[in-house]
Structures are given as C-alpha cells and as structure tokens.
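In: A predicted structure for the sequence below; I have some questions about it.
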Amino acid sequence: MPAAVIAEQCSLVSEIQITGHRKTKEYIIRREIQHPVNIPLDSILAAEDRNRIENLGIFSIVTWEFVPDEDGSCALNYEVTESWRILPGATPIYSEDKGWSLSGGILIKNFRGKNERLNLGGSVGALKTFWLKFQDPWIMGDHVSLSIQTGRAVFSHPFLQYDVETISFEANVGRYFGYERKVSAGFELQKKSFQSENEILDYTYIAPQGTFMYDTRDLYTDPSGGVLFMEDIYSMLDLNGRQENLLRWFQSYSFYRTLVPGPRKLTVGWNLKGVFSFGTLRNVWVSYIGGGLSVRGWNAPERKTYDDESVAFRFGHHWIVTSAEIRQTIIPRSVTPIGTEYGLIAAAFADVGMASSSVKTLLSQPPMSGIGVGVRVPWPMAGIIRLDYGWAFRRGKFMERSFHFAVGQKF
C-alpha cells in the first residue's frame, strides 16, 4: 500500500502491538522497534522494524499491519511466527575438506526466550569433537553482547600429513553503535597438536582478536540491498617460549542491490575478501583456495594435492577471492503448520581467486576462476542451505568440476 494512502487511513499511531510470540519475551522484540507512538504511521520505519525483528534469527516470518480505530488513529501490529527453538538428536554433517561426520547433542535457539543460544554436543567420524557454546547478543546495556565457547576437535589435516588435535577456550564481548556499526574484542586460548609418523608439533598460544563490522543489509539471510564491510585481526602469541608469533588480517567487502523487487525478487551481489598473514609462517598455517567457501568449481584439496608442485598456486599464507552472484527467488519463504520453513532461491555465480606465500607475488600470477549455478533453501536453525555446482578454469582452460554443499550464503 502506498505510504500516502497509509497515512490517510492512520492519522496517528496510538499503540504498538506484538502478536504471535509464545516463548520469546516481549521486550526482546520491543527493543528492536523504533517507530514512535503518537505520530502518523510511517511505513518506511515500520518496514525497517520488521527487518530488524527478522534479523534476530528466531522467527520464520515477521509481518506488520495497522489496525484502524474509529477516531482515525490506529494500532501498529507486528506479528511473528517463531521458528524451531530446540534441535536435539543426531544428524550427519559434511565438510568438503574433512568428509562426513555424525553430530549429536542439543541446540537451543532463543534459550529462555531471550534470543540466547546454547549449544552442547559433539561428533564422531571424520571430525571428532565436543563443544559447549553460549551466545547472548544483548546481555547488558545498549547492545552489549557476550559469546563463550570451549571444546576439543580431532581430525586429519585435509592436505598435510598430520592428524590435528585442538583444545580451546574463547570469549568475546561486542557492542553495537547504532544498528550499522559493531565492534567486538576478546581472546582465544588454544593448544594445538600436529602429529605425523615422523614428528609431533605442539603449539600453545593466546590469541587476542578484534572485529569491526559496518552493516547496512536489510536482511541478513537473504539481503536485498546494503553493504557489509568486515575487518578482523587475529593474533597468535606463542606461550611455549619459541617466539613463533603470528598475525592474520581478514577483510571482506560485500555489496547488494535488488534489480526486481517483490516477493520473487531478483538481487545481485558482489564480494571481495582476503587474508594476509605476518610472523612465523610455518607450513601448518598454510591456507588453500577452492571449494564452496572460496572459488567454487574447484574441489577441496587432498593430501596428494599439496605435494604436487603443478598446483602450488592453490596454497599460501595470503589469499584474495572475489565473487559475484545473481539470486532469483523462485518460491518465497513460507512456514508450514508444523513450523518448518520452505522456499527456493536460484543463483548463478562467478568466482576468481589467488593464493601465494608472498604478498609481492599474490597478484602477479594467473588466477583461479569458477562459474556455476546453485540453489538456496531456507532451513530451520541453519537459516540457508546452499547447493552449488561449478566449473573450474585457469589460463583459459577447463580444469575440473565440483559440487558444493554448505550452510549459509557465501557472502
């Protein structure tokens, strides 16, 4: 409905109503609402409130409407449909660079009805883990958040001849400045062991870390517009007395724009991200590009891949990847009577990336590239399940093809 028509039918917002919530504390929703009372209805403010409530990640559907009164005023009503809160039991999980595992435990989203998240569980198979995680996005004050997690993980390194064991504890505190800027800082205390037939490498370090985000996206799971800029610093300070310190600088810049609005919107997006590492650069800290999280169309590397000098361009301590996507909503997201979500988004993508052990040579080599198509499916707890199929190229030649399964949008 046009804003002018809405204003004529609602001369004054007399109250703000919230309906549909059963477990969620009402103040959790109200603190996201900025539309004042005793002013004419502003449809733009109401739509922005709706987006903020959906971005909490605990509701499947959020809508708004006004209920007119006889005196020309109206009540502004936000109606929410809560998504699944508790996911107990076991489920298979897949990682491109590690393989299949069976994960079990309990995940409570919207814990205590306060938008907290509590996760206790573990996994067996390719990834042997146990973990305990707690997150509260607004534990005190004005948007002050807290996240704590601890756990253990054992797995075979995807491309080095090591079995890896990690024991860690991590804590971070964050704060929003308005709704667009967020700063977080914390530390990770970690013990990591790399074991092969010939050697054992042990590292114990404390890792101070900090993140800055500038986020104007309207929706987090499927943005229609806006930008997301991220700067992240992760520094590893050696506690074994060997002075093997390391600093990683991660950057990401994403842009989104809707070409055709509406329930079946057509959106384009572009992202540029990269990592630069400094300090004692051992081979155990080497990264790779390829797979569903970087340049799609390329398979995740295997152990034999790293030893092949002809594909050394896939590995390095520094990497940069750029991606473009066009996303077409085929079936708008909806909720079934039992609370499950369904919908369908089709996508086409193109990725280009480079890796190197030297910053000076990073941009001087032929890049890896990939093109392909995929679908995105709304899913309770996960937000989005992503399936992509791509074709890989380098120096203008076709190299390989690959199917990718992942949770969440690539950017």
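Out: Yes, it's here. All figures in this text were calculated on a predicted structure; none of them were measured in a lab.
In: and residue 242, what element?
Out: According to DSSP states H and E, residue 242 maps onto no helix or strand at all.
In: so what's the residue count around it?
Out: 10 (other CB atoms under 10 Å). For every residue, glycine as well, the C-beta is placed using N, CA and C.
In: what about it, distance to residue 160?
Out: Using CB to CB, to the nearest Å, residue 242 is found at 20 Å from residue 160.
In: residue 77 - how many residues pack around it?
Out: Count around residue 77 with other CB under 10 Å applied: 17.
In: so what's the residue count around residue 173?
Out: With neighbours defined by other CB under 10 Å, the count for residue 173 comes to 15.
In: before we move on, what about residue 36?
Out: When neighbours are counted by other CB under 10 Å, residue 36 comes out with 10.
In: list the neighbouring strands of the longest strand anywhere in the chain plus their orientation.
Out: Secondary structure of the chain per DSSP state E: the longest strand is strand 318-335. Sheet pairing here is set by DSSP bridges, and for strand 318-335 it gives strand 266-279 (antiparallel), strand 341-356 (antiparallel).
In: of these, flag the one that's most buried.
Out: Sort the strands paired with strand 318-335 by mean neighbour count, taking mean count of other CB atoms under 10 Å, and strand 341-356 sits at the top with a mean of 19.
In: check the offset of it from the chain's centre.
Out: 14 Å (CA atoms, centre = their mean, to the nearest Å).
In: export that strand to CSV, keeping only CA atoms.
Out: What follows is strand 341-356, C-alpha atoms only, in CSV (Å, rounded to 0.1, in the frame of the first residue of the first chain):
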residue,chain,number,x,y,z
GLU,A,341,10.3,-23.5,6.6
TYR,A,342,10.3,-23.8,2.8
GLY,A,343,11.3,-21.7,-0.2
LEU,A,344,13.7,-21.7,-3.1
ILE,A,345,16.2,-19.3,-4.5
ALA,A,346,18.1,-20.0,-7.7
ALA,A,347,21.6,-18.5,-8.2
ALA,A,348,24.3,-18.1,-10.8
PHE,A,349,27.8,-17.2,-9.7
ALA,A,350,31.4,-16.4,-10.8
ASP,A,351,34.4,-16.6,-8.5
VAL,A,352,38.1,-15.5,-9.0
GLY,A,353,40.9,-16.1,-6.6
MET,A,354,44.6,-16.2,-6.0
ALA,A,355,46.9,-17.5,-3.2
SER,A,356,50.6,-17.1,-2.5
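In: I'd like the next helix or strand past that strand.
Out: Defined by DSSP H and E, the subsequent element after strand 341-356 is strand 368-379.
In: what's the angle from that next one to strand 318-335?
Out: Counting by axes from the mean of the first three to the mean of the last three CA atoms, to 10 degrees, strand 368-379 lies at 30 degrees to strand 318-335.
In: list the buried residues of strand 368-379.
Out: 368, 369, 370, 371, 372, 374, 376, 377, 378, 379 (16 or more other CB atoms under 10 Å).
In: low-scoring stretches of the chain, by residue?
Out: 1-8, 339, 381 (pLDDT under 70).
In: for the spatially most central residue of it, grab phi and psi.
Out: Centroid-nearest residue in the chain, with CA atoms, centre = their mean: residue 408, separated by 5.9 Å. Per-residue torsions, residue 408: phi 90, psi 160 (degrees, to the nearest 10).
In: which ones are touching it?
Out: Residues in contact with residue 408, defined by CB atoms under 8 Å, 6 or more residues apart in numbering, are 221, 382, 383, 384, 386.
In: mind putting the residues you listed into a markdown table with distance to residue 33?
Out: Formatted as a markdown table, these follow (distance: CB to CB, whole Å):
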| residue | distance to residue 33 |
| --- | --- |
| 221 | 20 |
| 382 | 27 |
| 383 | 22 |
| 384 | 26 |
| 386 | 31 |
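In: what's the burial count for the closest residue in space to residue 263 that isn't next to it in sequence?
Out: Of all residues beyond its chain neighbours, the one nearest residue 263 is residue 332 (4.3 Å), with distances taken as CB to CB, 6 or more residues apart in numbering. Using other CB under 10 Å, residue 332 has 14 neighbouring residues.
In: how far away is residue 332 from residue 222?
Out: Residue 332 is 10 Å from residue 222, by CB to CB.
In: go on, residue 295?
Out: 23 Å.
In: what about those two, which has more around it?
Out: Set residue 295 next to residue 222 and count neighbours by other CB under 10 Å: residue 295 wins out with 30 against 20.
In: what about the more buried one? Give its phi and psi, please.
Out: Main-chain dihedrals, residue 295, degrees, to the nearest 10: phi -100, psi 110.
In: correct me, but it touches residue 371?
Out: No. Counting by CB atoms under 8 Å, residue 295 stays clear of residue 371, with 10.2 Å between them.
In: give me the common contacts of the two.
Out: Contacts common to residue 295 and residue 371, judged by CB under 8 Å, 6+ apart, are residue 351.
In: what's near enough to touch the residue nearest to residue 395 when sequence neighbours are not counted?
Out: Leaving out its chain neighbours, the residue that sits closest to residue 395 by CB to CB, 6+ apart is residue 366, at 5.1 Å. Neighbouring residues of residue 366 by CB under 8 Å, 6+ apart: 313, 394, 395.
In: out of the residues you listed, list just those in strands.
Out: Judged by DSSP E, these include residue 394 as members of strands.
In: tell me the buried residues within the contacts of residue 366.
Out: 313, 394.
In: can you list the contacts of residue 366 in JSON lines and add distance to residue 269?
Out: Below are these laid out as JSON lines (distance: CB to CB, whole Å):
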{"residue": "313", "distance to residue 269": "26"}
{"residue": "394", "distance to residue 269": "24"}
{"residue": "395", "distance to residue 269": "27"}
